[in-house]
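Colleague: Provided below for reference: sequence and predicted model.
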Amino acid sequence: MVEFMLTLPLLLLLIYGMIEAARLIFIFSSVANASRQAARYGSAAGEIDNKAYYQDCKGIREVANQSAYITTFDEVNITYDRGVNPDGTQIPISKIDPSPDANTCPIGDETIRNGDRIIVQVKARYQPIISIVPLQPLTIVSASARTFLVSIPILGSALPTGF
């Protein structure tokens, strides 16, 4: 009984640490999945409610928020660009804000072309359930980008007949 009393606090601390580590990994996974799914939705071909998927910022955010099981997302930023320069800087699309405020829709009625990208960045905060160790809240950020493929021209002549 004495041995159990001496080891119980250590055992409880170990179990609590495993639970917190699992929560952190799960929140990280949720944020990464949310940004990936939202970018996939925004880059889809076709229309919903008479507007292109990339213009449906509310729908993009809803898809991202569907991945939030044990956390809520602080921000879901949606940006668009024409790719990246060799030096790593983004090539902006004219008339579209390259760094919009969080939870806004920067695209409006602008059209995109082949090679343009949608970038969805999702942020969430991790804070321990019980502050045994004084940890500051962590901000977990994930961004995913998808390239638009609007149309593919088919060049060349028709296939030969008779085969």
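Modeller: Looks like it arrived, so ask away.

Colleague: could you pull up phi and psi at the residue lying closest to residue 97 once chain neighbours are set aside?
Modeller: Using CB to CB, 6 or more residues apart in numbering and skipping the chain neighbours, the partner closest in space to residue 97 is residue 106 (4.6 Å). Placement of C-beta: from N, CA and C, glycine included. Residue 106 adopts backbone torsions of phi -80, psi -10, taken as degrees, to the nearest 10.

Colleague: now for residue 106, how many residues are close by?
Modeller: 18 (other CB atoms under 10 Å).

Colleague: where does it land on pLDDT?
Modeller: Listed pLDDT for residue 106 reads 80.

Colleague: so how far is residue 31 from it?
Modeller: 21 Å (CB to CB, to the nearest Å).

Colleague: now swap in residue 113 and tell me
Modeller: 30 Å.

Colleague: who has more neighbours out of the two?
Modeller: residue 31 (25 against 10).

Colleague: what helix or strand is the most centrally placed residue in the chain on?
Modeller: Note on the chain: the residue nearest the mean C-alpha position is residue 35, at 1.2 Å, using CA atoms, centre = their mean. Using DSSP states H and E, residue 35 sits within helix 2-42.
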